Structure formats: structure tokens, C-alpha cells
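Asks: how would this look folded up:
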Amino acid sequence: MRQRQRQLRRPGFGVSFGSARPESRGGGNFGGAGLYRAFISYSHSDRKVADWLHRALEGYRIPARLVGSETPLGPVPARLIPIFRDRDELSASGSLSAGLTAALGDSLFLVVICSPAAAQSRWVNEEVRLFKHLHGAGRVLALIADGDPADPGWRGCFPPALAFELDAGGAVTDRAAEPVAADIRPGKDGRRLALLKLAAGLTGLPLDALVQREAQRRQRRAALVSGLSLALAGVMAVLAVLALQGRREAERQRAEADGLVEYMLTDLREKLEPVGRLEVLDGVGRQALAYYGRQDLGTLDADALGRRARALHLVGEVRDLRGDSEGALMAFREAERATAEQLARDPGNPERMFDHAQSVFWVGNVALQRKDWATAEGRFARYAELADGMAATDPKELKWLKEQGYAANALGGLYIYQDRSQEAVPPLTRYVAITEDVARRTPGNSAARWEAGQARAWLADALLKLERVPDAKDHRLAELAIYAGILADDPDHADARLSLGRANEALAELHLRAGEIEAAAQRSQIAFESQKSLAATDPGNMLWLEMATGAAVQHAEALLLAGRIGDAAAANGWAMAQAARLSGTDPRSRPFRNLLMRSRMIEIATLFAGGRIPEARRAGGSFVADYAPHVGGDAGPTVTNAWLSALGMLAVERQAAGEGAAVRALVQALNAGLQPGMDGKGVSLHKALAGRIPGLEAATGGQASRYPADRLMALAAGP
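Replies: So this is what the prediction gives:
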């Protein structure tokens, strides 16, 4: 059985820690251009088309026989990555930001989604104008989504900078241009042909070569599906005659059939997954599930039940990878049924408990992802019971002790996600005790020591949510000591280095919550320097860059509150550039978006602190426009606090200027972003605002921290 990642993801982390390096996202030779294969420019009204286009371009694989071919753009890459997409990543302030301008300069092509909304968009037009001025009109491609390119009125779809040529200074002239455009309007190219047209433009390959290869690819896919269907039909035919065979022969053939299905879901998966064949495996999985669902579990022996559960776990994982949580849940529940039957036949066997615990965990994990809290809690509680049962058979067995720790982590993590932090403390305290016991019993095992540090981090997070800042500090300091010990033995231990920086960043946040600004500035500097140094050793590691960017934002905030405005602006400038780069690699990533949101809030604060009121207002206006869709609901404290901070400063400055209507509009937006159960920092921000501006709704949450929210708001109040 594939071993799952037993530790739940730490709050605020996009991926779990690991030593494996992510593959490079480079897309081949860009002919001297910069980071991105293409920059997508679009109006907010065309977001759905932009979502599709971004996924389609980055997901498109150049036919293998064409990869490496020489074109005027250089060797043809295997993938059209990375693609930069604006709006989600960068501000559209009074003029294009430095980060956005840099991204345009670092892009080989510009792809403009054309529609009446885009034709009227000041920012789309400015992106097109600047790109054409930097790179020339020959690198601009258009995708018509709506409107009429021949209509000069409101139904037109080309922005002026696209429809007309530029002069030598980059100004739009009255000389008509001839944009190269694919067309996805009804009755036109359709999405697949439009994608191939854009791929041809982005690579320099002839369109007919891509069309021919696409046709061949579809034929091969159809042949593969047919072959797999025939193979599985053969399996089903074998199974159909089982009832006519003697019991022993039937069991042998059934075991062979199960083995074939499991092969198709394991070895065959490894062959198909790298070339994008998960859709074939999903079809196989559906038939396997139908086959297993028809079987009477009472007739299967323990080995057959085990094979059934393993195959179903793999089906569930494939579904989960494809974002099909409903299909994954169905598979994991079927596996749970099989392992429950195994356990019922041999209830005192710890290995049967272990197998069933894996199924129970997976069902709970999918429920957690879907925020089905009752199911997740029930399954994780059952997991804990099974782990205790394993340990009761042999209290000295480390394997069972670890399962108890993983179960405690699952329950504690669930409670943190539900804002039930008081209930999270007991299981996470147990998790700390178990991981430290395991580390003591395996003194040379750095992984066990590192996990003990992570357990302290989980508990510190729960305590912070309860505003038990001194207790949270104690656990963070203990966590730091663990990582320092690991690094003393192995200075290159990447996980310990990363976690050390993250722990220092968390300590800086604790200092801010306690109102200890200078201590926060010093601790955040340590975190920033260590995380930035680690990220520099592997520029392609997006996790390390994400952590370094978070540390930079934290350091900029501490410097800002300490009154070191110039230093804060410098640290935040680096953070904004990296956050934009991260968002360019994955615009759908919430952690990346949140990093950029935090850094843009600090940008507004530094502009106010420097007396640059018009610029601060423009930056604030674009901040509101870009992030209003993401506040409220289940946005979480990071988003809520950044929203309160930015809009609070804007409201305070407008009130000082006597602009009552603007203040009322900002208060309305502030109220829309309030959440029940705000954390201590959010409550402090709300309290500082409520004392300055009228009309703010009451906040619900815990006690206020000692975060210096008044000092932040004073930056916008003026002298």
C-alpha cells in the first residue's frame, strides 16, 4: 500500500514539508526573454475565460516528436510554462506597478483576451501598449471571447493599443493594426483549435503540424482506451465464469483477476500519469469499483480483502489528484468496508487494525477537505481508538505508538481548522509527548526529532489562537532548540533549516501580539535572513521561496511598526516582487494570493507614513477592487486582518480629510469583511478602528491581543 503523508499540513502551509525538490517550471529557451512564456491580459469580466486559458496553456503538452525542434524562437519546449496572469497577482494602481511592468518585460508573448469589457479597460490597454513598446507587435496574440472585432462602437473587442499601431515613443496612433487572433465565440474556432493556434504562435511551430499531431494523439488515446477496455472486459469475462468453477479454482482465478486490476491501478498508472493519462485510469477505476461493489465481502479471504482495499485506496488517490472528491470518497468508503470486514474476522490482530485505520483516515481526510466536520471528527476519533487498540497489543512497539501520535495530530489539526482551539490543546499536548518519546527511543533518528519540533509548532498555533502568548512562546523556543540540535549534527538538514526560519517568524508574530515591537523586528530579521539564504540555494524551490517571502512580509511589518519606514519599504519591495513571482506560477493558490495581499497592505502603510497620500489612495483603491471578492465567508484571519488594516488606514485618512461619503463607503466594505470568531490581532485592529471611525459593526471573537494597532492606524492619520 502506498504510504500516505501521515502529518496533516500545518496551518498556513501550501504543501507538506519534504526533502524532494520540485521540478523546474522552466519552459525552454525563450530566445533571450525572461521568466514567462506568456503574459495573459484580460478584463475582470472575462475571469472565467482567463481561468480556462491559463489552465489550458500550462496543461498543454507539445507533441514529443516536435519537442526540441528549432524555430525562430529557439528550441521548442515540452510545456508552455510558466504563464503569468495579472489581476490576481498585482495591483492596477494609477500606473502599472513596478512588479507588473517587470512581468511584462520578462514575458516572451502577450496573450490578450478580447471582449467589449477588455476594449474598454484602461489597464488592459496599458498592458498591451507597454508590451508592444517593449517587444513589438509581432509578439502579441489575441483570443476573441466576445464582441465584434469589426465594430468600432461598444460591441468592439480590441483595446485601442491592440487595434492600432504605436509610434516610436510608444503612443497609440490612428494607423490600423492587424492583430493575430484565435476565436472562441460560438460558431468560430472552438476552444481546442483556438488553443492550438495560440500554441503555434507561442512556439513558432506551424499550426498544421500541431493539428496533425493532435489528431494522431487522439487516435492513440482512443486505441489505448479501447485496449484497456478490452483487457478489462477480459477480466470481467473471467469473473463471469467464477460461479461455474469449483471453489478452489474460482478463488485462484479471482486472485489473478484482482492482481490484474491492481496492476492496472499501480504499475500502469506510473506509465500513464507522466503523459496525462489519469482520465484512462479513472475509467478503469470506475469499472474496478463496479466489480468490487458487486462482490459479497463474506466470500473473500483475508488476502483478497487486502488486495481489494489496496486497489480502492489507489482509485481514491487518483480521484483525489484529479479534484474529484466525491469519487475519492466513494473509493475510500469501499476500502473502509473491506478493511472493516478484515478486522471483524480477526479483531485482535493489530495489523488488521492498522489496515482499517488507513481507510478510516482517508475517509476523514476527504471529509476535512470538504469541510464535512462531523464526518471528519467521527473518522479521526475512530482512528484514535484503533491506534490505542494497536498499542494495547504491544505498548513497546514504536509503529503503534506513532499511529497514536498521528491520530492525535489529526484530531488536533481538525479542531484548529474549526476554531475549536481549546479542544485542540489536549490531543496536541499528547502529540508532543508521543513524538518526544519516539525521539528519545530512536536517538539517531533526525526525522523523529524534527517531527517532535513540528508537534510543538502545532501546539503553539493552538495556544496562539487562545491568546496564550507566553505559553505559545515557550513551545516555539523548545521547537527552535530541537531544530538547532538537528542542525548541529547535520548543517545541511533542509527541513530543519526551513522549520527553524519558520519558527523564528512565528516567534516574531508572538512578539507583535505581545506589543514587543523591537523584539519582533530582531526575531523577524533572523527569520528573513535564514529563509532568504535557504531559498537562494535552490531558486526553483517554490516552497522555500514562499517561506522566505512570508518572512520578508513579517519583517517589513515589524520594521513599519518600529518606525523604520525606509527599511520597511525595502524589505516589503523584495517581498512584493517574490509574491508576484509566486502568484505567476500558480494564480489559483490561496497562500500565494494572501502573501501578495499582505505585502500590498504594507505598501499602503509605507506610502501613508511617507506622506505620499495620492499614491496611497490609488494603491488602496486597487487593493479594495482586487481583494473584495476574497473577504468574508471562510477567508480566514490572514485575509481578514490584512483587509481591516488596509481599509482601516484608508478610512482614517479620509476621515481626517473630512470626506464623509468616502468614509461611509469604506466602513461598509470593512463590515463586509468582518468574520465571526476573529483572532486576537483582528480584535485589536477592530478595537483601534472603532475608536476612530463611526458605523463599524461589532466584532465577535476572543480577547484582544496587545498588537499595536493604534500605531498602524496613526500612520494614516497625518500629523
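
Asks: show me the contacts for the residue nearest to residue 675 when sequence neighbours are not counted.
Replies: When the adjacent residues along the chain are set aside, residue 675 lies closest to residue 640, with 5.2 Å between them (CB to CB, 6 or more residues apart in numbering). Every residue, glycine included, has its C-beta placed from N, CA and C. The neighbours of residue 640, taking CB atoms under 8 Å, 6 or more residues apart in numbering as the test, are 631, 673-675, 678, 682.

Asks: Quickly note the distance from the nearest residue to residue 651 once chain neighbours are set aside to residue 620.
Replies: Using CB to CB, 6+ apart and skipping residues adjacent in sequence, the residue nearest residue 651 is residue 666, 4.1 Å away. Taken as CB to CB, to the nearest Å, the spacing of residue 666 relative to residue 620 amounts to 9 Å.

Asks: shared neighbours of these two, anything?
Replies: Common contact partners of residue 666 and residue 620 (CB under 8 Å, 6+ apart): 647, 650.

Asks: Which stretches in the stretch 251-400 of the chain count as strands?
Replies: Remark: no strands are assigned in the stretch 251-400 of the chain by DSSP state E, counting those that start in this stretch.

Asks: quick one: the helices in it?
Replies: Chain-ordered helices for the stretch 251-400 of the chain, with DSSP state H, counting those that start in this stretch as the definition, fall at 267-272, 278-294, 302-321, 325-345, 350-369, 373-393, 398-417.

Asks: Name the next helix or strand downstream of the host helix or strand of residue 605, please.
Replies: Using DSSP states H and E, residue 605 sits within helix 590-609. Beyond helix 590-609 in the direction of the C-terminus, DSSP H and E gives the next helix or strand as helix 613-627.

Asks: send the alpha carbons of the next helix-or-strand element following that next one over as PDB?
Replies: With elements assigned by DSSP H and E, the helix or strand that comes after helix 613-627 is helix 637-656. Only the C-alpha atoms of helix 637-656 are listed here, as PDB (Å, rounded to 0.1, in the frame of the first residue of the first chain):
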ATOM      1  CA  PRO A 637      -7.600  35.600   9.800                       C
ATOM      2  CA  THR A 638      -4.800  36.400   7.400                       C
ATOM      3  CA  VAL A 639      -7.200  37.900   4.800                       C
ATOM      4  CA  THR A 640      -9.400  39.500   7.400                       C
ATOM      5  CA  ASN A 641      -6.500  41.200   9.200                       C
ATOM      6  CA  ALA A 642      -5.000  42.500   6.000                       C
ATOM      7  CA  TRP A 643      -8.400  43.800   4.900                       C
ATOM      8  CA  LEU A 644      -9.000  45.500   8.300                       C
ATOM      9  CA  SER A 645      -5.500  47.000   8.300                       C
ATOM     10  CA  ALA A 646      -5.600  48.400   4.700                       C
ATOM     11  CA  LEU A 647      -9.200  49.700   4.700                       C
ATOM     12  CA  GLY A 648      -8.900  51.000   8.200                       C
ATOM     13  CA  MET A 649      -5.900  53.200   7.200                       C
ATOM     14  CA  LEU A 650      -7.800  54.400   4.200                       C
ATOM     15  CA  ALA A 651     -10.900  55.200   6.300                       C
ATOM     16  CA  VAL A 652      -8.800  57.000   8.900                       C
ATOM     17  CA  GLU A 653      -7.100  59.200   6.300                       C
ATOM     18  CA  ARG A 654     -10.300  60.000   4.500                       C
ATOM     19  CA  GLN A 655     -11.900  61.000   7.900                       C
ATOM     20  CA  ALA A 656      -9.000  63.300   8.700                       C
END
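
Asks: So, low pLDDT: which residues of this structure?
Replies: Applying pLDDT under 70 to the predicted model, the residue ranges of the chain that meet it are 1-34, 86-99, 153-154, 213-300, 303-304, 321-323, 633-634, 701-702, 719.

Asks: domains of it?
Replies: The record's domain parsing of the chain by automatic domain parsing lists 36-205, 611-717.

Asks: could you dump the ones you listed to JSON lines with distance to residue 468?
Replies: Formatted as JSON lines, the entries for the domains of the chain read as follows, by distance: least, CB to CB, whole Å:
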{"stretch": "domain 36-205", "distance to residue 468": "36"}
{"stretch": "domain 611-717", "distance to residue 468": "10"}
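
Asks: Quick one, which of those gets closest to residue 585.
Replies: Proximity of the domains of the chain to residue 585 was assessed by CB to CB; the nearest stretch is domain 36-205, lying at 5.2 Å.

Asks: SS state for residue 108?
Replies: Assigned by DSSP: H, G, I helix; E, B strand; the rest coil, the conformation of residue 108 is strand.

Asks: any idea how far residue 73 is from it?
Replies: Separation of residue 108 from residue 73 (CB to CB) stands at 7 Å.

Asks: Narrow the contacts of residue 640 to those in helices?
Replies: By the criterion of DSSP state H, membership of these in helices covers 673, 682.

Asks: Spatially central, which residue of the chain would that be?
Replies: Centrality entry for the chain: nearest residue to the mean C-alpha point is residue 589, 3.6 Å, by CA atoms, centre = their mean.
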